[in-house]
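# Got a predicted structure here, sequence first:
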Amino acid sequence: MAKAKAVFVCNNCGYESSKWLGKCPACNEWNTFFEQKLDTNVATKKKEKETAKSVALKNVEYKEISRISTGFGELDRVLGGGLVDGSLILIGGEPGIGKSTLILQICDKIKTDKIVLYVSGEESAEQIKLRADRLKINKNNIMFYGETDIDLIESEIEEKKPELVIIDSIQTIFSDKVDSIPGSIGQLREITSRIMRMCKEKKVTTIIIRTCNKRPETLQDQEY
């Protein structure tokens, strides 16, 4: 049987404590700690450790990295020449700046005949279709998947084997292994870690969207 222990994590900054605290000593916020259960199954950890093996650096053969153009020259430049197989890319910004619009345009312009899987936990298929029609996107290989459970998302990726996966947005995705609400520090850590592992194992390029809410200006922040 797996033994489980718990830590308390600040939902504001990610500070961890062995006990619940009313005030976070790292960010000084009040009532932000939630309990997060950790799986400490020794057999599972041992199995994970045995999957990786060390290799002499001099024996590593260099392979030319193939990149796929996003269709936007400036974005390709930022990405070092385009999208790399198995890479994880984060696009963040405030609400309404056009993150989802940019992503749909990339789905349209990317040169691939394989499936592009658009996973949305915020908008329905109808909302995405309306935006696609407005942008005159008619690509037949774009598939919509409205789900927020990371287990089901991984199963869909395993079945469809897409070239590109879009996660819109990362705050809406959750895992049953983490005892906290979607968007919390604990959930974001777990979900991002699993998506990263999936990218490397399946060689699937993934773009995740993160909405960053602007912090309200306080009197201390104002300059006179």
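Structure's in. What do you need?

# where does the protein have its least confident helix or strand?
Within the chain, judged by mean pLDDT, DSSP states H and E, the helix or strand with the poorest mean is helix 42-50; its value is a mean of 50.

# Tell me the first helix or strand C-terminal of that helix.
Going down the chain from helix 42-50, the next helix or strand is strand 67-68, by DSSP states H and E.

# any idea of the mean pLDDT in that following strand?
Along strand 67-68, the predicted local confidence has a mean pLDDT of 88.

# Can you give me the domain assignment for this structure?
Per automatic domain parsing, the domain ranges recorded for the chain read 4-47, 63-211.

# which of these is buried the deepest?
Between the domains of the chain, the one whose residues have the most neighbours on average, counting mean count of other Cβ atoms under 10 Å, is domain 63-211 (a mean of 17). (C-beta placed from N, C-alpha, C; glycine too.)

# Need the distance between the two termini of that domain.
Its first and final residues considered, domain 63-211 spans 35 Å by Cα to Cα, to the nearest Å.

# starting at the chain centroid, how far to it?
Relative to the chain's own centre, domain 63-211 is displaced by 8 Å; criterion: Cα atoms, centre = their mean, to the nearest Å.

# For the helix ranked longest in the chain, enumerate the helices and strands it packs against.
The helix of greatest length in the chain, counted in residues with DSSP state H as the criterion, is given as helix 185-202. Helices and strands in packing contact with helix 185-202 are listed as strand 4-10, strand 88-93, helix 150-160, strand 205-211; criterion 3 or more Cβ pairs under 8 Å, 6 or more residues apart in numbering; DSSP states H and E.

# Adding mean pLDDT and distance to residue 144, write these out as JSON lines.
Listed next are these as JSON lines, based on pLDDT from 0 to 100; distance: least, Cβ to Cβ, whole Å:
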{"stretch": "strand 4-10", "mean pLDDT": "77", "distance to residue 144": "33"}
{"stretch": "strand 88-93", "mean pLDDT": "93", "distance to residue 144": "18"}
{"stretch": "helix 150-160", "mean pLDDT": "95", "distance to residue 144": "11"}
{"stretch": "strand 205-211", "mean pLDDT": "93", "distance to residue 144": "15"}
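
# any low-confidence regions in the protein?
Flagging of the chain using pLDDT under 70 yields the residue ranges 1-4, 38-52, 214-224.

# I'd assumed residue 143 was in contact with residue 128.
No - under the criterion of Cβ atoms under 8 Å, residue 128 is not in contact with residue 143, lying 10.7 Å apart.

# Please enumerate the shared neighbours of those two.
Contact criterion Cβ atoms under 8 Å, 6 or more residues apart in numbering; residues shared by residue 128 and residue 143: residue 118.

# rewinding a little: figure out which of the helices and strands packed on helix 185-202 is closest to residue 62.
Nearest to residue 62 among the helices and strands packed on helix 185-202 is strand 205-211; the distance by Cβ to Cβ comes to 20.5 Å.

# Note down every partner strand of the closest one and its orientation.
According to DSSP bridges, strand 205-211 has the following sheet partners: strand 88-93 (parallel), strand 164-168 (parallel).

# how far off helix 185-202 does the first one point, in degrees?
Here strand 88-93 runs at 140 degrees with respect to helix 185-202, directions being taken by axes from the mean of the first three to the mean of the last three Cα atoms, to 10 degrees.
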